[in-house]
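Chemist: give the three-dimensional model of this entry:
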Amino acid sequence: MESETVLDEPPPGRVTDDATSAVTDLYRGHALGLMRLALMMVGDRGTAEDVVQEAFTGLYRRWPRLRDRDKALTYVRSAVLNGSRTALRRRRRPFRTVHQPPVWSAEAEAMVGEDRREVMEALHRLPARQREALVLRYFGDLSEEEIADAMRVSRGTVKSTTSRAIAALGKILEGEQ
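Modeler: Here you go, the predicted model:
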């Protein structure tokens, strides 16, 4: 699928109050979900926060040139994926799971924490595109069309990549038990 350019030639002038209001609203509504997406991709909170902030900063700078402002969330989601890829390429240390949300007991926390760690490590052993497809589908709860837009691929590619990723993840997890 050909990538559709979202930007148009900029009108004369500066970024307006319209941009401030629109990007702020988008940030309030979607920053947490995008933060989770970035965290799943890069594995550490600080880097994930930086990736999301850069994505929204880029949207704000480009707001006057956006041709279809209804696709601003798609633009930011793609920017988060691209920023995550860049962060992973620059990283010199292996992926580590840092975020462990609270659970109901010490025993449950240990079990859930170990399962989560195994899945995260297996997820990060997948090729980047397979990992992205799974994270967007099962952690981001996006439709095939939204995933295709974010990854800039066709829906068929999303389906086949997700299918291969699930099979590969299953094999990795079976081999660890």
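Chemist: please parse the chain into its domains.
Modeler: The chain breaks down by automatic domain parsing into domains covering 1-96, 103-177.
Chemist: shaky segments in the chain?
Modeler: For the chain, the stretches with pLDDT under 70 are 1-16, 92-115, 176-177.
Chemist: grab the most central residue of it for me.
Modeler: Leu37 (3.7 Å; Cα atoms, centre = their mean).
Chemist: can you name the helix or strand that the nearest residue to Ala31 once chain neighbours are set aside falls in?
Modeler: Of all residues not flanking Ala31 in the chain, Val52 sits nearest, at 6.1 Å (Cβ to Cβ, 6 or more residues apart in numbering). All C-beta spots, glycine's among them, are computed from the backbone N, C-alpha and C. In the assignment (DSSP states H and E), Val52 maps to helix 45-62.
Chemist: show residues contacting that helix.
Modeler: Outside helix 45-62, the residues that touch it by Cβ atoms under 8 Å, 6 or more residues apart in numbering are 7, 15, 19-20, 23, 26-27, 31, 34-35, 38-39, 41-42, 72, 75-76, 79-80, 83-84, 87, 98-99.
Chemist: how far does the longest helix along the chain sit from its chain's centre?
Modeler: Counting residues, the longest helix found in the chain (DSSP state H) is helix 17-42. The gap between where helix 17-42 is centred and where its chain is centred comes out at 11 Å by Cα atoms, centre = their mean, to the nearest Å.
Chemist: packing partners of that helix?
Modeler: Packing partners of helix 17-42 (3 or more Cβ pairs under 8 Å, 6 or more residues apart in numbering; DSSP states H and E): helix 45-62, helix 72-90.
Chemist: 10 Å instead?
Modeler: helix 45-62, helix 72-90, helix 106-123, helix 128-134 (3 or more Cβ pairs under 10 Å, 6 or more residues apart in numbering; DSSP states H and E).
Chemist: returning to that earlier point: report the angle between the helix holding Val52 and helix 72-90.
Modeler: Computed by axes from the mean of the first three to the mean of the last three Cα atoms, to 10 degrees, the angle separating helix 45-62 from helix 72-90 equals 130 degrees.
Chemist: which helices and strands sit right next to the strand or helix carrying Ser163?
Modeler: Assigned by DSSP H and E, Ser163 falls within helix 155-175. The contact analysis (3+ Cβ pairs under 10 Å, 6+ apart) places helix 155-175 against helix 106-123, helix 128-134, helix 144-151.
Chemist: in this structure Gly83 contacts Met35, no?
Modeler: No - taking contacts as Cβ atoms under 10 Å, Gly83 lies outside contact range of Met35: 11.8 Å.
Chemist: between the two, which one's more packed in?
Modeler: Remark: of Gly83 and Met35, Gly83 carries more neighbours, 22 against 17, as counted by other Cβ atoms under 10 Å.
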